[in-house]
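Asker: A predicted structure for the sequence below; I have some questions about it.
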Amino acid sequence: MIDRRTLIGSAAAIGMVTPLRSAAPAFTSRRPAVADRRFTSKAVEREITRVTAMVADPELAWMFGNCYPNTLDTTVFMGTVDGKPDAFVITGDIDAMWLRDSSAQLQPYLPLAASDPALRTMFRGVIARQARSLLIDPYANAFMRDPGAGTNLSWAKQDQTEMKPGVAERKWELDSLCYPIRIAHGYWQATHDPTPFDALWADAARVTIRTMREQQRKGDRGPYRFLRASNIPSETLMLDGYGPPSRAVGLIHSGFRPSDDACLMPFLIPSNLFAVTALRQLAVLSHETRRDSALANDAIALADEVAAALRRHGTIRDTDGQEIWAYEVDGIGNAHFMDDANVPSLSALAYLGCVQPDDPLWRRTAARAWSTRNPYFFSGKVADGIGSPHTWLRQIWPMAIVMHALNARDDATIAQCLRWLKASHGGTGFMHESFDQDDGALFTRKWFAWANGMFGELILDIAARRPALLKANA
């Protein structure tokens, strides 16, 4: 059986991911023709014009113009369900909707939703689609466009788990429950539109809390089990599909990381921190949009419990004796330190609102993640950056460079990150999943909308906070 990682790797090997070395002096737009775009927003088009005019470097401006609208251009499929908007958002080259990716892909457009009715319709549609998906199976990470269809993912067809119609893949990833809350909270903050927060949404919110509590595994192993026939160990869960051993300490288990790789230890600290933040956001939404104090109080109670467990079990002492966040722990006393480019990560905790940007514990942790202390930090001729066990060694993920720039407090670091990102696109004008540390033309996933969206977010952030950097030639 072939799995997603093998599929991507094989594509590179046989030339589907072709090394490109285009000078592209005219920097012609790589967007689809207007008639072929999946979704169009006047506000997004105006933003492209506004920000592009601020960018002195023509290559950087070209990349922004390609990347920022990529999710809308290519991945959004609008429809209706019961007379209400429905939005199905694929990842790009995989025709399925990940709860994580779809939320992250749409994040850059939230600031424009208040001024654009079309965007509001789209966000209402994706919030509803995610709620319906969670009600199909809160343990699934990816879903089918047709809620009655079996999976179209070749690597998931023989998985030993409770596959339901509408589920594309059933890897239990704690962050998959957090991202729908984040995008819903962001939409409410941007628009104060209560429309999406109906009984369907509330039912999905209650299922979210119930599932998180199940995966605290206080009394038993819970209902989730997953086995996959694969020669890659991180594609399946050990111990008959329940995952590595742990002690119930109040943290929430995650079978898999946001990279879709199995956890080495079952308490993934970035995801647990994200869960605390998401649960507090859920409480705000429940109170402000529905006046549902029972749901809000339930969310707060779980958030407080997990936060207390994180304080007791989520940190370690590094080799110099300083306290840092662990990447994974087991509640028994064992811990693992690394960082992965996929978000949530230790590097992304401030970006997700889990910590303050000047928090010293997080700053120490992020500094070690961006160093050889992290076994997945690579430094080459093209760039420095963090990769992932999901791809080969020496493969840097552009989204990690974006995150490093968003975390930076000085112009020099941000400017360097922009130079690395320019060197990484292999002549395509788009971001990719990963690229070789010594050759940006060797990359995985030609069409990966999440990475494109994060690049767009970075340029927007620089335009808002440090516009002088864009006016200089990077």
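Answerer: That came through fine. As the structure is a computational prediction, the values presented were derived from the model and not from experiment.
Asker: Can you mark which positions in stretch 135-148 are buried?
Answerer: Neighbour counts using 16 or more other C-beta atoms under 10 Å place 137-145, 147 of stretch 135-148 among the buried residues. Glycine gets a C-beta too; all of them are placed from N, C-alpha and C.
Asker: Please read the previous query as pertaining to stretch 451-468.
Answerer: Residues 451-463 are the ones in stretch 451-468 that count as buried (16+ other C-beta under 10 Å).
Asker: all strands for the stretch 1-150 of the chain, in order.
Answerer: With strands called from DSSP state E, counting those that start in this stretch, the stretch 1-150 of the chain shows them at 76-81, 84-89, 97-98, 142-143.
Asker: mean confidence score for stretch 28-37?
Answerer: For stretch 28-37, mean pLDDT rounds to 97.
Asker: Show me what counts as buried in that stretch.
Answerer: Under 16+ other C-beta under 10 Å, the buried positions of stretch 28-37 are 30-31.
Asker: and that stretch, C-alpha only, in CSV?
Answerer: Presented in CSV, the C-alpha positions along stretch 28-37 are these (Å, rounded to 0.1, in the frame of the first residue of the first chain):
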residue,chain,number,x,y,z
THR,A,28,4.3,37.1,-15.3
SER,A,29,1.4,36.3,-12.9
ARG,A,30,0.9,32.5,-12.2
ARG,A,31,-2.7,32.9,-11.1
PRO,A,32,-5.5,31.1,-13.1
ALA,A,33,-7.4,33.2,-15.6
VAL,A,34,-10.2,35.2,-14.0
ALA,A,35,-12.8,32.8,-15.4
ASP,A,36,-11.0,29.8,-14.0
ARG,A,37,-10.7,31.1,-10.4
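Asker: how far does that stretch sit from the chain's center?
Answerer: Remark: stretch 28-37 is offset 25 Å from the chain centroid, using C-alpha atoms, centre = their mean, to the nearest Å.
Asker: show me where pLDDT drops low in this protein?
Answerer: Residues of the chain meeting the criterion pLDDT under 70: 1-25, 473-474.
Asker: rewinding a little: reformat the strands of the stretch 1-150 of the chain as JSON lines; add distance to residue 384.
Answerer: JSON lines is the format used below for these (distance: least, C-beta to C-beta, whole Å):
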{"stretch": "strand 76-81", "distance to residue 384": "34"}
{"stretch": "strand 84-89", "distance to residue 384": "31"}
{"stretch": "strand 97-98", "distance to residue 384": "28"}
{"stretch": "strand 142-143", "distance to residue 384": "31"}
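Asker: between those strands, which one is nearest to residue 340?
Answerer: Using C-beta to C-beta as the measure, strand 97-98 is the one of those that comes nearest residue 340, at 15.8 Å.
Asker: Parallel or antiparallel, list what pairs with that closest one.
Answerer: According to DSSP bridges, strand 97-98 forms sheet pairs with strand 142-143 (antiparallel).
Asker: Now do the helices in the stretch 51-200 of the chain.
Answerer: Using DSSP state H, counting those that start in this stretch, the helices of the stretch 51-200 of the chain run over 58-67, 70-74, 99-106, 117-136, 175-191, 199-214.
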